[in-house]
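Asks: heads up, no residue letters with this:
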């Protein structure tokens, strides 16, 4: 266990450096003059002009070499300083925590809701099969094929307009969280219920499960003692992967519901060439990925300790 | 009734507890598309003046006339190079401190050092003369100074708003509303300020929420969760108009959709070519089908109500005249080839157009123009990029054609913008490009010192005519702002200069 954590810690450092460097290179390789991009985001499209761009260039020292900017970033990183946003002037860490907090909240609630929807449906469709399985397959395919944006709009129309139960957009109260989380959960459950289904089918048809049933165990008992763990391992791993893609990949949901999350913030930072924010966000995401992967590994190990010691 | 009770129960159980209470009952919900990335007025001041936290020395009425605000009067002397502003007495900032000349001078000097409307004004000194007077000294007369001081970047804040390095650390203004909560870049809640010097607000709170997507804003208007919703998608307006709880208000803006042309490009260097391109456009079609507002079509850059700058005897060219356009192209030496493209010396008439996605209609209009010019035989390649590509392309000379939305009312007197845009052969980042008309350019530059109204009008008309006939830029349509206002509030009016939402004039209807 200790060995695993030490290994993952080294991985964390390598990932942080790699991700930061790669984003730096990619951002530098993007076309367009950074000073103009930053000026457009700072002052708005009506006020961006060459004078504003020159002021930005002078203020931020954008004429300096890429090497010195990179070196500065690296030194700052060692002292755990992510720098200031080029657009707002606020510390990057502060902006990231504001956005990441909202994203994590949305992601965790979304995943939990998705699990509540996907696991019972996936198990039921695997157990009963037949028309239930076919309906769910069609429904999942349809939900997956529709952009998440459309699901969100439909949810707004139903819950906010027709039933007027929930607010259309915004953040800050629980009521504001429901629709974005539900939208997210529906699009996630569309895939994960099929994963649960497949895994459950694999287990239900396995010889050991059949044996458990033929030796006379009641269905629920057989499921609890011989099914659950076997199904859980791949499902937990899958949810873990979903969680990370959700944290960074819900730009559409965030902008539809005016949710101040990191996906949306990152997209805007890229338009604005706000390199410290992009690097900070990528770094945070990279680290989160390693941490979540470690957590998933640990959980899977406890679910299925047969692999021997964690290494 | 049951539904209502259930709803109340749900709402109260879902709302997190808060100490002081902006509730939906006492808060006007304002929804618009703009983010505020910072609390510095030079960057996002437009949100803070609109929400009436910050104020400026001078105000602007709906006709563009200057009116007193924090300054009650101003005298111009020394042949227009010395402006003395007398400050209003008894004005208090939200933190209780008093407005005086030192504070105003410090604010304006700071604004001078940042990008904003004051850039380009020939200021030599801004100083306090006594407690109630501020003197601005210029190196040469600059007639639009009053309008410049009405710009959000010249907002006045209390000394406590700045830290030692003069960075803005809090928004402390003099307006009828003070900051209650600010969560950049999306949400701002303001509460009424009882110490306000002017018309005090009736509504207790107002909140501003950035709604990026036009669809979401429309839904907020529909559901009653947005009391005042700006920037409605034109396609949704007919549906919103049918709703009993909403008024949809249609207002003209001094913002124009126009083509910026590089006159040094061999395909754009003659008046005939530019006129032909203008004639080939179906402005009526674009206004009706894309902007959903037939009367938005225009071939003039400035609107009719800016009388000095609108050519009075122009004959509006709103529908295409392809025969005349083709004849003009022929005069300029272009022949149609077998594929239908115009050709000269073996090269076809091809142009690159850039536009930006910040305003969704721009890309649609760009592709409409692409198709309309194709019928004339002009091959137009459309690239959608960032708004900063236009000034950048202007500076490095790579820009050929750009479709832009230019706000001629960002400063209440359009002269300042026009001098920037058309005042030299090089032109402006958002104006002409390589337009060589020295006599008109001199006239335009001299206007900043012109004080005689009659002569000003005549010379402004000369400039407007030159722009209209020589077409260094081609106007396509003007902007119409559609705003949904919920009937639970009364007294809404729209500011065409977009300086204020006039929230202090709102009253609850019930």
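Replies: Structure's in. What do you need? Everything numeric here is computed off the predicted structure, so don't read it as measured data. Residues are numbered from 1 along each chain as shown, chains lettered A, B, ... in the order given.
Asks: quick check: the gap between the closest residue to chain B within the stretch 151-300 of chain A and residue A:160.
Replies: Nearest residue of the stretch 151-300 of chain A to chain B (CB to the nearest CB) works out as residue A:175 at 3.7 Å. Where you see a C-beta, it was placed from the backbone N, CA and C, and this is true even at glycine. Distance, residue A:175 to residue A:160, using CB to CB, to the nearest Å: 10 Å.
Asks: before we move on, back to that, confirm that the residue of the stretch 151-300 of chain A closest to chain B sits in a helix.
Replies: Yes. Residue state for residue A:175 (DSSP: H, G, I helix; E, B strand; the rest coil) corresponds to a helix.
Asks: thinking again about what came up before, more neighbours, residue A:175 and residue A:160?
Replies: residue A:160 (22 against 18; other CB atoms under 10 Å in any protein chain shown).
Asks: dump the residue contacts of the more buried one.
Replies: Contacts here follow CB atoms under 8 Å, 6 or more residues apart in numbering or on different chains; on that basis residue A:160 touches A:166-168, A:179, B:219, B:223, B:225.
Asks: kindly report the same for residue B:495.
Replies: Counting by CB under 8 Å, 6+ apart, residue B:495 has contacts B:62, B:501-502.
Asks: ok so residue A:68 is a helix residue?
Replies: Yes. According to three-state DSSP, residue A:68 belongs to a helix.
Asks: distance of it from chain B?
Replies: From residue A:68 over to chain B the distance is 23 Å, taken as CB to the nearest CB, to the nearest Å.
Asks: what's the neighbour count on that residue?
Replies: Neighbours of residue A:68 using other CB under 10 Å come to 10.
Asks: likewise residue B:207?
Replies: Around residue B:207 there are 22 residues (other CB under 10 Å).
Asks: what does residue A:134 give?
Replies: Residues near residue A:134, counting by other CB under 10 Å: 11.
Asks: packing partners of the helix or strand that contains it?
Replies: Assigned by DSSP states H and E, residue A:134 falls within helix A:130-145. Taking 3 or more CB pairs under 8 Å, 6 or more residues apart in numbering or on different chains; DSSP states H and E as contact, the helices and strands that helix A:130-145 lies on are helix A:92-128, helix A:174-204.
Asks: tell me which residues in the shortest one are buried?
Replies: Looking back up the chat, that one is helix A:174-204. A:175-197, A:199-201, A:203-204 (16 or more other CB atoms under 10 Å in any protein chain shown).
Asks: kindly report the same for the first one.
Replies: Of the residues in helix A:92-128, A:92-93, A:95-96, A:98-100, A:102-107, A:109-111, A:113-115, A:117-119, A:121-127 count as buried by neighbour count, 16+ other CB under 10 Å.
Asks: now do residue B:447, the pLDDT please.
Replies: What the model reports for residue B:447 is a pLDDT of 90.
Asks: ignore what I typed, I meant residue A:131.
Replies: 90.
Asks: just the one 4 residues further on next, same as before
Replies: The predicted structure scores residue A:135 at 90 on the pLDDT scale.
Asks: which ones are touching the closest residue to residue A:76 other than its chain neighbours?
Replies: Distance criterion CB to CB, 6 or more residues apart in numbering or on different chains; nearest residue to residue A:76, sequence neighbours excluded, is residue A:83 at 5.7 Å. For residue A:83, the contacting residues are A:73, A:76, A:91-92, A:276, A:280, by CB under 8 Å, 6+ apart.
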